[in-house]
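1. coordinates only, sequence not included:
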């Protein structure tokens, strides 16, 4: 009898332990880190484009994670893109589409910045450091948001969500003067730099592109140090890491424009072995799935095991139960451009598969419409000067010539969007289809 009772007690302890640890595992949540660089599209990184900057830290992350070849910002400028990222809502729908707004807008009642949902689920949420939102912050979004913000102030065992911004690729880093340019041209070999076909091939443009490559290498070193610290702290195996650019840029005709150079951003996600059940993608792979910034909120909430609230425009591309085959059917992304500082130019775009449709609601504007901040860059000034001196070819001149109300591009054949197919009868059906998709969006 005594032996039977002892056996029963042991069995009970074992079953209780299994149940206890099972429940604990179910409650456990991954840490999530976003590494964010400013103003860079896929066109400047060797991970995506031959001849781009070598970024070994991000390449190492990619070797363990998934590279998204078709990741898109919905807007080609920071405040609008970041307002989209944190709400999961298309900016024109909620009134956050104006860069350098006259006033901030109130968010709809059913839209909240997503860190609030994470905090409610027990996360410690930190942002270092850029915000730049176009809406009124009616409640505290972050536990910490500053240049000193860190996940290290969380409670023992508390999961964290952390954003680390890296600024050296920002447009302002290319605002050098004539004297600095002259000195740089004497000490830099620019023979390896290949300007884009719509840019004039001049020392100014070559040096600007070369300097941007160097800025990419600089931020890569910074990100490498950040990842190294995660490793030293023993956090890598419980932390999902995203790397992405906050929108495209930053040479002329990228930031502020709905071309691929303004919207197609790098995106790499590493999911550790412990949490691989949350990713439909294998490590060390690439995917052609279309994802854009409205998808980031539902994806983070899904990874954290939080129910996705109503009012979110995007869909998750990672999370429990998602299938790769379903996600890889996604082939559409929308873009919007409105006000940039004192420049106003209403443009909308949709890309479906390899075809890109752009609608210029104010075709009387030219792409090269003056904007004070843009034209602080010597490359912009030189481009404008060469146009008026009639020293550009037809493709290079297009930036300052009248636009068509509609543009259609085959991105696979024409990645730099220089051959407008909108008037081509062979693509009439595609034009009408994309026109309707945009009309119904």
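-> Good, I have the coordinates. These numbers were taken from a predicted model, which means no experiment stands behind them.
2. pLDDT (mean, whole number) over stretch 200-211?
-> Mean pLDDT, stretch 200-211: 98.
3. for it, buried residues please.
-> Along stretch 200-211, these residues count as buried under the neighbour rule (16 or more other CB atoms under 10 Å): 200, 204, 205, 206, 207, 208, 209, 210, 211. (Each C-beta comes from the backbone N, C-alpha and C, glycine too.)
4. again with stretch 296-312
-> Judged by neighbour count using 16+ other CB under 10 Å, the buried positions of stretch 296-312 are 296-304, 306, 308, 311-312.
5. same question, stretch 416-429
-> 416, 417, 420, 421, 422, 427.
6. can you list the domain ranges for this structure.
-> 30-326, 335-439 (automatic domain parsing).
7. how long is the last one from one end to the other?
-> In domain 335-439, first residue to last residue: 13 Å (CA to CA, to the nearest Å).
8. enumerate every residue touching residue 409.
-> Residues near residue 409 by CB atoms under 8 Å, 6 or more residues apart in numbering: 355, 356, 358, 417, 419, 420, 421.
9. quick one: distance of the helix or strand hosting residue 81 to the chain centre.
-> When elements are assigned from DSSP states H and E, residue 81 belongs to helix 78-87. Averaging C-alpha positions (CA atoms, centre = their mean, to the nearest Å) puts helix 78-87 10 Å from its chain's average.
10. show me what that helix is in contact with.
-> 38-39, 73-75, 90-91, 94, 96-101, 107, 111-115, 130-135, 141, 246-247, 293-294, 296-297, 336, 338.
11. make a ChimeraX selection of whichever of these turn out to be buried.
-> In ChimeraX, a selection of the buried entries from those looks like this (16+ other CB under 10 Å):
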select :38,39,73,74,75,90,91,94,96,97,98,99,101,107,111,112,113,114,115,130,131,132,133,134,135,141,246,247,293,294,296,297,336,338
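12. the contacts of helix 78-87 in strands, which ones?
-> Secondary structure from DSSP state E places 336, 338 of these in strands.
13. pick the most buried one from the domains of the chain.
-> Highest mean neighbour count among these (mean count of other CB atoms under 10 Å): domain 30-326, with a mean of 19.
14. next, the distance between the ends of that domain.
-> End-to-end distance for domain 30-326: 24 Å, by CA to CA.
15. cool, and stretch 345-364?
-> End to end - CA to CA - stretch 345-364 spans 10 Å.
16. show me where this structure has helices.
-> Assigned by DSSP state H, the helices in the chain fall at 2-27, 56-64, 78-87, 91-94, 115-120, 178-187, 203-232, 260-263, 296-303, 324-327, 378-388, 394-397, 428-439.
17. hang on, the earlier thing: quick one: mean pLDDT over the helix holding residue 81.
-> In this model, helix 78-87 has an average pLDDT of 98.
18. quick one: least confident helix or strand in the chain?
-> Within the chain, no helix or strand scores below helix 2-27, which has a mean of 50 by mean pLDDT, DSSP states H and E.
19. returning to what we had before: need the helices of the chain in JSON lines (columns: distance to residue 163).
-> Below are those laid out as JSON lines (distance: least, CB to CB, whole Å):
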{"stretch": "helix 2-27", "distance to residue 163": "24"}
{"stretch": "helix 56-64", "distance to residue 163": "16"}
{"stretch": "helix 78-87", "distance to residue 163": "10"}
{"stretch": "helix 91-94", "distance to residue 163": "19"}
{"stretch": "helix 115-120", "distance to residue 163": "9"}
{"stretch": "helix 178-187", "distance to residue 163": "32"}
{"stretch": "helix 203-232", "distance to residue 163": "11"}
{"stretch": "helix 260-263", "distance to residue 163": "21"}
{"stretch": "helix 296-303", "distance to residue 163": "11"}
{"stretch": "helix 324-327", "distance to residue 163": "24"}
{"stretch": "helix 378-388", "distance to residue 163": "30"}
{"stretch": "helix 394-397", "distance to residue 163": "38"}
{"stretch": "helix 428-439", "distance to residue 163": "31"}
